[in-house]
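Colleague: coordinates only, no sequence provided:
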């Protein structure tokens, strides 16, 4: 995974522990395509090659509190196995594969964090 795709609050799969974790911060190394991810209240700071994106599923959408497919003025559609975000007349984002992509898009569209419901 590339560090530039991540921002604090993103959910990722920590490969060594095989757990879903929340990114608390990212440290980029100047001139290198590697970054270190910081998790809240944890000493370990794995490099981005030790984390993987989480594939988005309908279960993840439910965990984020979506009861249907609408996000305000936008609609999430599953087309040919890929998630797409549609506006009133045109696609806003095609091929949303990962949870962090949906989180980043949601933040860009609404200015709010996408919160996981317990």
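Modeller: The structure has been received and is ready for your questions. Because the structure is predicted, anything quoted here is derived from the model rather than measured.

Colleague: could you say which helix or strand contains residue 109?
Modeller: With elements taken from DSSP states H and E, the one containing residue 109 is helix 99-110.

Colleague: and the end-to-end length of stretch 22-37?
Modeller: Distances were taken as Cα to Cα, to the nearest Å; on that basis the terminal residues of stretch 22-37 are 10 Å apart.

Colleague: worst-scoring helix or strand of the chain, pLDDT-wise?
Modeller: For the chain, using mean pLDDT, DSSP states H and E, the weakest element among its helices and strands is strand 70-71, scoring a mean of 54.

Colleague: phi, psi for the closest residue to residue 13 other than its chain neighbours please.
Modeller: Distance criterion Cβ to Cβ, 6 or more residues apart in numbering; nearest residue to residue 13, sequence neighbours excluded, is residue 52 at 4.5 Å. Where C-beta positions appear, they are placed from N, C-alpha and C, glycine not excepted. Listed backbone geometry of residue 52 is phi -130, psi 150, with angles given as degrees, to the nearest 10.

Colleague: residue 52 and residue 114: what is the separation?
Modeller: 19 Å (Cβ to Cβ, to the nearest Å).

Colleague: compare these two (neighbour count), which wins?
Modeller: residue 114 (21 against 14; other Cβ atoms under 10 Å).

Colleague: quick one: the more buried one from residue 21, how far?
Modeller: Using Cβ to Cβ, one obtains 16 Å as the distance from residue 114 to residue 21.

Colleague: the host helix or strand of residue 21 pairs with which strands?
Modeller: In this assignment (DSSP H and E), residue 21 forms part of strand 19-28. Looking at strand 19-28 with DSSP bridges, its partner strands are strand 11-14 (antiparallel), strand 35-39 (antiparallel).
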